[in-house]
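Participant: Next come a sequence and a model predicted from it.
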Amino acid sequence: AVAGTLVRTPPHAALLNAVPPEAVGPLVEALGAGPGLDGVDADQDIAALLAARLPGYRTEQEQRLYRLGTLLPPSPAPEGRARAATRADRALLVAWVEGFADATGQSKSSAAWLVDEGTERGSLTLWESGGTPVALAGRSRMLAGTVRVTLVYTPPEFRGRGYGAAVTAEASRAARAEGAAEVLLFADLANPTSNGVYLRVGYEPVADRLLLRRNP
């Protein structure tokens with residue numbers, strides 16, 4: 001019987017899911033010294049067991065997985081409206097996706113592709129205020145009835161006005177309207193503002209995950 005999975009997509013960290021504690025020792029023996037195991041993403045308890053067996057690794061990021069319960073759009077909503085991004089927004093969107101990557105410690109190399117692919121699918125949502133885009137949220141392709149909200153970003157000059165909550169709620173609504181049975185998102189626990197936003201619009205905590213990275 002399959003008891004857990006390890007997914008490795010270089011250059012990203014290895015992703016562990018549902019791995020039983022007794023598998024950690026054999027897993028480290030098999031992979032711990034491998035040149036490709038520069039990082040591991042696992043749930044909090046398994047990550048702690050891994051860290052004890054992998055000297056020279058540090059916790060780089062703590063994330064919380066959220067699942068949408070009852071959607072609660074902001075009330076009152078901030079001024080403005082939501083709309084789907086178009087090709088005419090490409091330059092702005094690429095800059096914003098790069099800003100999101102900088103803020104979350106991710107690579108910017110796929111920014112243009114993410115914008116083009118998301119625009120083509122109609123999966124990038126903008127919140128506009130006075131005709132000016134002020135916040136962005138994307139959503140993944142549906143897989144097994146599940147959609148993940150991604151790329152939630154508000155430029156610094158527009159923060160603190162409720163735009164992030166509004167655009168997240170709209171992207172979540174659109175995912176459900178497309179037939180998603182589950183709508184998920186990840187949030188960096190080092191950012192209490194974004195975690196508070198997701199709780200307010202109806203997301204519920206599911207699990208905490210740690211990203212372990214080998215020291216240079």
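Facilitator: Sure, I can see it.
Participant: which SS class is the residue positioned nearest the centre of the chain?
Facilitator: The chain has Phe186 as the residue nearest its centroid, 4.1 Å off, counting by CA atoms, centre = their mean. For Phe186, the assignment made with DSSP: H, G, I helix; E, B strand; the rest coil gives strand.
Participant: what residues are up against it?
Facilitator: By CB atoms under 8 Å, 6 or more residues apart in numbering, Phe186 lies in contact with 63-66, 148, 209. Using the backbone N, CA and C atoms, a C-beta is placed for each residue, glycine as well.
Participant: For ChimeraX, write the selection for the buried entries among the residues you listed.
Facilitator: To isolate the buried ones among the contacts of Phe186 in ChimeraX, judged by 16 or more other CB atoms under 10 Å, type:
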select :63,64,65,66,148,209
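Participant: Can you give me the buried ones in the host helix or strand of Ala101?
Facilitator: Per DSSP states H and E, Ala101 falls inside helix 90-104. Neighbour-count burial for helix 90-104 flags 92-94, 96-101, 104 (criterion: 16+ other CB under 10 Å).
Participant: go on, stretch 192-203?
Facilitator: For stretch 192-203, a neighbour-count test (16+ other CB under 10 Å) marks 194-195, 197-198, 201-203 as buried.
Participant: I'd like to know which of these are part of helices.
Facilitator: Per DSSP state H, helices hold the following members of the buried residues of stretch 192-203: 194-195, 197-198.
Participant: wait, which of these is closest to Gly25?
Facilitator: Nearest to Gly25, judged by CB to CB, of those is Asn195 at 33.3 Å.
Participant: ok, for that closest one, nearest residue in space, not its chain neighbours?
Facilitator: Ala187 (5.0 Å; CB to CB, 6 or more residues apart in numbering).
Participant: from what I can see the one you found touches Gln63, true?
Facilitator: Yes. In this structure Ala187 lies within contact range of Gln63 using CB atoms under 8 Å: 6.6 Å.
Participant: just the contacts of Phe186 now: which is nearest Ala30?
Facilitator: Distance to Ala30 across the contacts of Phe186 (CB to CB) is lowest for Arg209, with 21.4 Å.
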